[in-house]
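Student: The amino acid sequence is not available; the structure is as follows:
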């Protein structure tokens, strides 16, 4: 019987549009969460796939000792695909000439991800290949053809091995990039490595094992492997561990998707709360009637719980369908720009969406329902009798708890949930204070003749609590939209700044002092601007204060020694300048531009101590503090320096950066080589040979392909971020609309009375619009302020960005808030005023 | 008025019931001690000016509200000792209601509104009963209309059908014709009294309308929370006897 009644109520109410708003809110929450998270999971999958190409696998194990066969067998037994690479530096010999090379010997499965690029001729056009050097074959870098004076088909010797040059090697997926790593690369088959006899004791060899497979399999394998790993020798790297520009961009984008989806959940929850409140209010009379006619509380409880259940189930089903369609539309719209595969289906988004819909519907309707159950039967006689339950604390508690729970379940990240939730709570508390403050001010303003403004203020004042709830929901909505919008702007701006259009795509090293000016002139004649020249000298890092820094050789012998000073090779690239480099910031001490040699800073041997600036990360790793004495061995000379500043370096820029920058005075005695970079338009690629021709001893690095790859990924991510922003904006606008609609219903009675009393339509309309304008302005302003707090916390703690203020939104947000809320209110009001007074009065019954 | 021995024949019995409400200026007694009885099958009208306490009295008699002191028996059941749930059950079993503002559930059709009490009472033939009674009030052709598609008179007839579907022992009507025009008022009144006669329901109605009040066997005059006068309307009593006799 109860189920029957509940079903009938549901059916009729659904047909008559009574459930539209609450149903819509649930559909919105489910659809938004599903489409956002499904899309972002698919996109993340695609991006991870892309970035896995940079480590040639899903995971990589680097080791300084040969990797045990047992480990590889275990990986294969666990269902992972594996490959291996052994790399070392060695001398390669042509018939006449020789050169130091970066030798890579790879197993037949290499690379598991990404492609090897070959050129048709030295410095020529590149194409991808799926082949590898055959036994006895060697593929060599463009530069080596010149350095060794060899041609394709000729012989190159490495150690005891003899190889035939087979191809011009342009790039391998995980070659890494360093301007200091100046040795040209050669590629041979792993089976040929033994023949060379170059990997004996004392040689510096890096062994890499590559793994691909399902995440869970890799995790399981890593769990098995971890106890066998030694931090000194091994390094396990996953795609996500990538500290490069791409890695960071992707990590940031992932967090953004997470944030956007979280906000979509909150928006949906707000919508449901608003709708449930309204739903409950509309059912006060039926509940009083049921009670009068003899229905027990239990019966009523069952009727309404069933109703909510019907609504929730229907909402979830429609929401899922809508979510999948939206997501499909987005992916279709992005086809060709973002390679997101539709074939993979992810269950987690579906699970989260259903959970969101259910939790939102149940927890947010809890308080309104409890209120509903407490409506006294006497309401049938005394229409002003309200529900007996009025504890807002319970309502806020239940809603807040539900939101936090959802955020946490969804993000699995306590910090990001706490930041968003905390700033939301702050906003709510501040808003409650402000509302009552404004209402108090309004009491003064609202006195006097009944004009448009007075009527608006009077209305705001009269419904202080209702309005504060409304104000809170408007503000929270606007704040969330601001967070998503501003975050996206900042993020994309930073990405763009990282790789401006004229980002250098070529680097030059080994430029001598004498070549500097002719090179600059020659390039200028060819309309190519050369960046700054940075001097470089190879130095050996000897000591910090009186403590000797261990070299790699001794480290292996006694790993216990000098715990804190590990991790840096004994060789360091030293640069000097009295000008602070771009994208470098002094975080401690003072930059040494005004340093003058002084007689009082001398070593015990009477040697001058020069200032040095140390990069923050290396200072931390080597436990170096301001005022420490660092000793370097350059050539045969000893240079003693004092740390006068510690710098933060933006490693995401494509420019040479240095761990140690000395004062030029320290380096006067040494002859340096220089490195620099330049940008050459893609269309002029063919000019490069002519450009470099007079400077054959200068080493050239072509990073154009790499930069394009980074740029492409960043463009894709930006595009995806834009789409997500649009989705959230749509969700937010719908929520705002629902809120205005809900509050319009509350105003119906008053409009009817004013109308009956003969108030002109324009008076009513403008007073309502003004009321919404006031609410919109205050909500926008409060949202802008709360936005600053949450953005600062998010950027500095979660997004690894510099927090910044956004004062422009302090003006934009109130204006847009007033405009949007005012217009929506105006539309709602216009709709009501089109009805005649009789219809209006009837709607009230 | 009546002796204690016969209280089994009393449908309503009140003893010194009062109602006190708390206001911002302290507590306010809105009903002075009131005692009276209503016989089974009798019709009474509670009359008085606005604010005289007649609706409050009705709410106490119907168990919609609790007395502050005194005793109320409804068909011998001690309302004053019952909690809200017990009173709800009692209303479901024995009481019917008609209100000035009809109080129909807007999202249910006419027939579904009529079925409500029977459904709440768990009667299996709710639909059949509702059809029959809608027929009786002349609205079977409007059975599937929603309240806002019906005129005021029609809505009140639906409310009457709903009140009588469970064949209640007692019917409370609060200004049943207050929102209706003259023609509809007459129709509703006739319906009310006919059903009262046919089913033998005790009728308690609150009204401003003296003509309507006079159709009841007795009128209880309320003034400033006090029951000041009980008058008997001979014509109404006669009518009733005639009806019973016929």
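Tutor: Received it, and whenever you're ready, just let me know what you need. As the structure is a prediction and not an experimental result, all values here were calculated from the model.

Student: Can you give me every residue that contacts the residue nearest the centre of chain B?
Tutor: In chain B, the C-alpha nearest the mean C-alpha coordinate belongs to residue B:172, at 0.6 Å (CA atoms, centre = their mean). Taking CB atoms under 8 Å, 6 or more residues apart in numbering or on different chains as the criterion, residue B:172 is in contact with B:58, B:61-62, B:95-98, B:204-206. C-beta here means a position set from N, CA and C on the backbone, and glycine is covered the same way.

Student: same thing but 6 Å
Tutor: Each residue near residue B:172 by CB atoms under 6 Å, 6 or more residues apart in numbering or on different chains is listed here: B:58, B:62, B:97, B:204.

Student: give me every residue that touches the first one.
Tutor: For residue B:58, the set of contacting residues under the criterion of CB under 6 Å, 6+ apart consists of B:172, B:174, B:206.

Student: burial of residue A:415, as a residue count?
Tutor: For residue A:415, the neighbour count with other CB atoms under 10 Å in any protein chain shown is 12.

Student: any idea of the mean pLDDT for the helix or strand where it lies?
Tutor: With elements taken from DSSP states H and E, the one containing residue A:415 is helix A:414-445. In this model, helix A:414-445 has a mean pLDDT of 75.

Student: Can you tell me which helices and strands it packs against?
Tutor: Using 3 or more CB pairs under 6 Å, 6 or more residues apart in numbering or on different chains; DSSP states H and E, the elements in contact with helix A:414-445 are helix A:392-411, helix A:452-462, helix A:464-498, helix A:761-793.

Student: tilt between the last one and helix A:414-445?
Tutor: So the one you mean is helix A:761-793. With axes from the mean of the first three to the mean of the last three CA atoms, to 10 degrees as the basis, helix A:761-793 and helix A:414-445 are set at 150 degrees to each other.

Student: Quick one: mean pLDDT for helix A:761-793?
Tutor: For helix A:761-793, the mean pLDDT works out to 82.

Student: What values do phi and psi take at residue 224?
Tutor: Defaulting to chain A. Main-chain dihedrals, residue A:224, degrees, to the nearest 10: phi -70, psi -40.

Student: Then residue A:669?
Tutor: Here is the backbone geometry of residue A:669 (degrees, to the nearest 10): phi -80, psi -20.

Student: what's the neighbour count on it?
Tutor: Close neighbours of residue A:669, defined as other CB under 10 Å, add up to 10.

Student: any idea which element the residue of chain B found nearest chain A lies in?
Tutor: Using CB to the nearest CB, the single residue of chain B nearest to chain A is residue B:92, 2.0 Å away. Using DSSP H and E, residue B:92 maps to helix B:84-94.

Student: Sort out for me which of the contacts of residue B:172 are in helices.
Tutor: Judged by DSSP state H, the subset of the contacts of residue B:172 located in helices is residue B:58.

Student: Could you list which of the contacts of residue B:172 belong to strands?
Tutor: Taking DSSP state E, the ones among these that sit in strands are B:97, B:204.

Student: where does residue 9 land on pLDDT?
Tutor: All of this refers to chain A. If you check residue A:9, the pLDDT there is 83.

Student: could you do chain B instead?
Tutor: Reported pLDDT at residue B:9 in the predicted model: 76.

Student: What is the burial count for the residue of chain A at minimum distance from chain B?
Tutor: Nearest residue of chain A to chain B (CB to the nearest CB) works out as residue A:294 at 2.0 Å. The burial count assigned to residue A:294 is 26, neighbours taken as other CB under 10 Å.
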